[in-house]
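1. Need a 3D model of the following:
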Amino acid sequence: MPPPDGCQHNPNEDDVNSPTSPLNFLDQNYQELHQNCLTENTLYNDELFPPDNSSIGLFDDEPVVDMSQVVWKRPSELVSDPNLIVDGVSRFDYAQGSVLGNCWFLASIGALTFEKDIMKQVMPAEQSFTKDYAGIFHFRFWRFGKWIDVVIDDQLPTIDDELLFVCSKTSNEFWPALLEKAYAKVCGSYADLNAGFISEALMDFTGGTHMYYQLNTAPADLWKIMECAFTSKTLIGCGSNTATTPEENEILCGIVALHAYTVTGVFEVTSDENTVNLVRLLNPWGEEEWRGDWSDGSPLWDTVCEEVRKICHEVLNNGEFWMSMEDFTTIFESIDICCSCPDFLDGSSECHWTSIRHFGRWNAGSTAGGDIIETETFWTNPQFRVTIDELNEECASGQRPENTLVSLMQNHEKKNRNSQTNLDIGFYVFEVSIDMRSQSGRFSSEFFIESEPVAQTDGLVWLREVMKFFRLEPGEYLIVPCTENPGETASFVLSIFSKNETHFELIQETSE
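-> Reported below is the predicted structural model:
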């Protein structure tokens, strides 16, 4: 099992904070604001995310409701006995609102409910509508390499006393709506939550490792990886394939095309003496389920023993269902696994991964050299020198060959999430031969013209974050993050996770 606080972090100049000591988002200090409200006997009113249409934001398409009818109300104005949590948190507590297309965020919440430690990290304890209530709450997210503490008031947008966005199935439970509001504040507005990738929120909840697999090229032991993940502190989500024709919709058989789902479990069953690997999924809509093999109404459940049926089989229209791993990898496009650390992959309590993080920038005219095909300028990109030590005996006997995970994230600086323009980004890893290890300064263009990468991202893509999981033998390497075109200015966060002892430095000087 991984250590409680995730990967062991190698400290450096970029080691800025942790979930227990987050930065105050917009310089709002929850403790001070809360105490002021108690002293003055007032309810908190957040002037930086006010209860008006500016916080709802502008939708690309016309919303299905008249925004002039929106009234912001506190939970105590909607029900007589509001609670933050009723009978614990559950993936079945909430349903997606009809106005906002943020299934990617709500599917992430579904995963979050399984990991109580991560939930407490995101939603700090000792908040309620009774003891020391002052209309103020706070949540914690990991954004672009830094943990932040986000303060909100509890005024929520409603129409006819119904919540406009996410709503709880228990009328007096409000943690889903308040969590969504806090994340909307971080992203700029509710409208800025419209459309996205589930990996974004999963990473913002965990602040750790992101593993991404395209299911049509996934490793043969992916189900085993998922099984190991569920024994650790992981959040898992996935996205379904597209469907452009009626025939493709028939293949989906109840699965919504281009939709985010939560992976809520894996289970191995014996069906007519055959072993079947099953995956359990949750549609954040709380309805619309798979209708194929191993669905709620499938006769295949009659082929397993009664004990397994009692554990797994429920005929409920709650958006959750089982399907075989074969169907899963056919109908779904990708899977995202996010956790504090990839230790779970090794199956050894003695082998702990370490992490290093650097905040960098591509600057036009100096350190924005473009992709590797730009032979005259590629070398000017930031270069990171990495030394990989020999593995200890426990780690060397791990179950998987990969020992390094590199993540490159665009560090956006604009207030509104949907106003950000992602560049096409990626990175390359080069081995430094023994005869070149004495060289100081940045490696020249000749080095990159003559050298082949030993690892690289699968092309350059416009996602917020790209990652690659691979093996590096002990030795020295260069990691070069880049954008597609020379001269593109942007900030980035480069993270390296390794189960080897790793030494890492940014090369400052140039050799040309």
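2. From residue 332, how far out is residue 283?
-> For residue 283, the distance to residue 332 (C-beta to C-beta, to the nearest Å) stands at 12 Å. Heads up, the C-betas are built off the backbone N, CA and C, glycines and all.
3. Can you tell me how far the residue lying farthest from the centre of the chain is from residue 476?
-> The outermost residue of the chain relative to its centre, with distances by C-alpha atoms, centre = their mean, is residue 435 at 40.8 Å. From residue 435 across to residue 476, the span is 11 Å (C-beta to C-beta).
4. All the helices of the stretch 151-300 of the chain, in order from the start?
-> Counting by DSSP state H, counting those that start in this stretch, the stretch 151-300 of the chain has helices at residues 175-187, 198-206, 222-229, 246-252.
5. again with the chain
-> Using DSSP state H, the helices assigned to the chain run over residues 30-40, 53-56, 75-78, 103-112, 116-122, 175-187, 198-206, 222-229, 246-252, 306-312, 325-331, 393-396, 445-450.
6. Could you list the low-confidence segments of this protein?
-> Low-confidence segments of the chain (pLDDT under 70): 1-16, 61-64, 96-101, 243-251, 346-350, 392-399, 509-512.
7. Repeat the analysis, applying 50 as the threshold.
-> For the chain, the stretches with pLDDT under 50 are 1-5, 13-15, 511-512.
8. how does it divide into domains?
-> Domain assignment for the chain by automatic domain parsing gives 8-202, 209-338, 350-506.
9. got the ones you listed as JSON lines, with distance to residue 344 columns?
-> Shown next, in JSON lines, are the domains of the chain (distance: least, C-beta to C-beta, whole Å):
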{"stretch": "domain 8-202", "distance to residue 344": "13"}
{"stretch": "domain 209-338", "distance to residue 344": "4"}
{"stretch": "domain 350-506", "distance to residue 344": "10"}
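10. ok, back up a step: nearest approach to residue 363 belongs to which of the helices of the chain?
-> For residue 363, the closest of these is helix 445-450, at 18.1 Å, according to C-beta to C-beta.
11. tell me which residues in the closest one are buried?
-> Across helix 445-450, burial judged by 16 or more other C-beta atoms under 10 Å covers 445, 447, 448.
12. And for stretch 470-483?
-> Neighbour-count burial for stretch 470-483, counted by 16+ other C-beta under 10 Å, picks out 472, 476, 477, 478, 479, 480, 481, 482, 483.
13. residue contacts, the fifth one?
-> Taking C-beta atoms under 8 Å, 6 or more residues apart in numbering as the contact definition, residue 479 lies against 383, 384, 386, 406, 427, 428, 429, 494, 496.
14. The last one too?
-> Shown here is residue 483, whose contacts under the criterion C-beta under 8 Å, 6+ apart are 362, 368, 370, 371, 423, 424, 425, 460, 490.
15. Which ones among those residues map onto strands?
-> Those of the contacts of residue 483 mapping onto strands are 362, 425, 490, per DSSP state E.
16. what about the spatially closest residue to residue 233 that is not a sequence neighbour, distance to residue 298?
-> Excluding its sequence neighbours, the residue lying closest to residue 233 (C-beta to C-beta, 6 or more residues apart in numbering) is residue 115, at 5.3 Å. Residue 115 is 29 Å from residue 298, where distance means C-beta to C-beta.
17. counting contacts, what elements does the biggest strand by length in the chain pack onto?
-> Using DSSP E, we find that the single longest strand of the chain is strand 260-271. Helices and strands touching strand 260-271, by 3 or more C-beta pairs under 8 Å, 6 or more residues apart in numbering; DSSP states H and E, are helix 103-112, helix 222-229, strand 234-240, strand 274-282, helix 306-312.
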